[in-house]
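Asker: pasted the sequence and its predicted model underneath.
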Amino acid sequence: MSRRRDEEDPFERINRLFREMFEEFDEEIRRLMKEMERAQEFGVERFRSLTGKPYVWGFEITIGPDGVPRIKEFGNIKRVGRVPKITEEVEPMIDVIDEGDKLRIVAELPGVEKDKISLKASGLKLIIRASNHKKYYKEVDLPAEVDISSAKATYRNGVLEIEVKKKKAAEEEREIKIE
């Protein structure tokens with residue numbers, strides 16, 4: 001039995017998808033490396049020698065639920081046009097995990113004491129600030145509104161973990177009796 005031309009073997013399709021995905025990863029990594037080389041050309045080292053501030057930069061590559069690769073940057077180098085700007089506060093690595101009825105937010109904050117961490121939340125935003133020997137700052141956009149009163153946070157070995165329940169959906173429309 002012959003296969004129609006427009007039908008692709010499932011194994012060939014998977015192989016093709018992986019090849020395309022890794023080609024995209026390779027292209028993005030090359031782009032990021034060129035940006036870092038350009039940052040050196042534009043004086044990151046010269047800036048550091050003037051300010052005495054170390055710089056931290058990194059990235060994480062994940063694949064979202066829709067199958068699209070996502071690249072998240074972290075550190076204290078921010079882009080301002082073509083010139084890198086080194087900030088005093090480091091943007092920590094953050095993971096937001098949707099667990100159905102609640103969100104779990106995990107942040108890496110090595111080198112700070114628990115009592116030096118400040119957390120503020122409102123609706124769709126969480127602000128993490130820490131200041132000890134190192135300074136961290138991150139505004140986290142949450143994927144759903146949360147019930148702030150349900151928030152619980154723990155900090156162990158440089159890892160901050162916050163668990164917060166999502167707000168329940170608004171009740172369905174109903175009639176209100178007038179007294």
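Answerer: Thanks, I have the structure now. Just so you know, these numbers come straight off a predicted model, no measurement behind them.
Asker: all helices for the chain, in order.
Answerer: Along the chain, the segments classed as helices by DSSP state H run 10-41, 44-51.
Asker: avg pLDDT for the last one?
Answerer: The one in question is helix 44-51. Regarding helix 44-51, the rounded mean pLDDT is 52.
Asker: turn the helices of the chain into JSON lines, including mean neighbour count and distance to Trp57.
Answerer: C-beta coordinates here come from the backbone N, C-alpha and C atoms, glycine included. What follows is these, written out as JSON lines (neighbours: other C-beta atoms under 10 Å; distance: least, C-beta to C-beta, whole Å):
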{"stretch": "helix 10-41", "mean neighbour count": "11", "distance to Trp57": "7"}
{"stretch": "helix 44-51", "mean neighbour count": "13", "distance to Trp57": "9"}
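Asker: lowest average pLDDT across those helices?
Answerer: Per-stretch averages of pLDDT across the helices of the chain put helix 44-51 at the bottom, with a mean of 52.
Asker: so where's this protein shaky on pLDDT?
Answerer: 1-6, 38-55, 79-80, 82-84, 169-179 (pLDDT under 70).
Asker: gap between stretch 68-82 and the chain center?
Answerer: Chain-centre distance of stretch 68-82: 10 Å, with C-alpha atoms, centre = their mean, to the nearest Å.
Asker: residue contacts, Gly111?
Answerer: By C-beta atoms under 8 Å, 6 or more residues apart in numbering, Gly111 lies in contact with Asn132, His133, Lys134, Gly158.
Asker: from the residues you listed, list the buried ones, please.
Answerer: Lys134 (16 or more other C-beta atoms under 10 Å).
Asker: am I right that His85 is in contact with Asn76?
Answerer: One thing to correct before we go on: residue 85 is Lys, not His. No: counting by C-beta atoms under 8 Å, Lys85 stays clear of Asn76, with 9.0 Å between them.
Asker: cheers, nothing more for now.
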